[in-house]
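Colleague: The amino acid sequence is not available; the structure is as follows:
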C-alpha cells in the first residue's frame, strides 16, 4: 500500500453532538495513514486507519461551509402504494404459478414483435413496453410501479429502454418482469414495397 492513496483517502467529519452551532469545534479532516499528509502529522499511525488532523493546525484554509458548496438534493416525488401493491406483493404475484401476467395464458407469443404492434398497446388497461430488446406486457404491473402510473405510462407502447436506464440502471428487468415477457423485439426497419 506504500505510495498508493486509497479511493476514500479524504473525508470531512463534524461532531455536533450536544453543541450549539456557535460553540461547535471546527471540522476535522480525516486522513488515512499511509498517505504523505498523515505521515507528516506526527504520532503513531497504521496503514489504512484514519488519523484525525485539525484543519486549523494543518494550515489549510477554511473553506465555506459544506452546505453552501453542495447543491441542494433533489426531492423525489414518492407515490404511496395502495394496499397490496408493493414490490414485495409483485414478487409474490410473479411466483404464483396460476397467475397469467402475459395475457396469453402465461406463454410468450413465440414470435418477434414489431414496434407497430407494440404501439397499439399504450393504455392503462393494455400496456406493452420494449425493454432491452424484449417486449413485456406491463398491464398488471402498472399499479405496482413505485413512481406511480403516470411515470410508467410514459414508456407504454414504445421502446422505453433509454427511459428505463435513465432511472433504473441497477434494476434487473429480466428478473422482475420474466412472467410478463411476450417475445423478442423485431427492430428491423420495415421494407417499402414498390
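Modeller: Good, I have the coordinates. Fair warning: this is a prediction, and the values are worked out from it, not measured in the lab.
Colleague: For residue 119, which non-adjacent residue is closest in space?
Modeller: Counting by C-beta to C-beta, 6 or more residues apart in numbering, residue 119 lies nearest to residue 157, which is 4.9 Å off, once chain neighbours are set aside. Where you see a C-beta, it was placed from the backbone N, CA and C, and this is true even at glycine.
Colleague: Can you list the buried residues in the one helix or strand residue 93 maps to?
Modeller: Here residue 93, judged by DSSP states H and E, is contained in helix 87-95. By 16 or more other C-beta atoms under 10 Å, the buried positions in helix 87-95 come out as 90, 93, 94.
Colleague: Do a quick rundown of the strands in this structure.
Modeller: With DSSP state E, the ranges of strands along the chain come out as 10-13, 28-32, 50-54, 113-114, 122-123, 126-131, 134-137, 181-186.
Colleague: which stretch in the ones you listed is the model least sure about?
Modeller: Lowest mean pLDDT of the strands of the chain: strand 10-13, a mean of 45.
Colleague: ok, residue 102 - how many residues close by?
Modeller: Counted with other C-beta atoms under 10 Å, residues neighbouring residue 102 total 19.
Colleague: For it, which non-adjacent residue is spatially closest?
Modeller: residue 137 (5.3 Å).
Colleague: coming back round to it: the residue nearest to residue 119 and residue 140: what is the separation?
Modeller: Residue 157 is 16 Å from residue 140, where distance means C-beta to C-beta, to the nearest Å.
Colleague: how about stretch 115-133: buried residues?
Modeller: Buried residues in stretch 115-133, counted by 16+ other C-beta under 10 Å: 115, 117, 118, 121, 127, 128, 129, 130, 131.
Colleague: would you list those residues in TSV and tack on distance to residue 177?
Modeller: What follows is those, written out as TSV (distance: C-beta to C-beta, whole Å):
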residue	distance to residue 177
115	18
117	18
118	14
121	15
127	12
128	11
129	9
130	12
131	7
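Colleague: Might you report the residue contacts of residue 129?
Modeller: Applying C-beta atoms under 8 Å, 6 or more residues apart in numbering to residue 129 gives the contacts 118, 135, 136, 138, 155, 156, 157, 158, 160.
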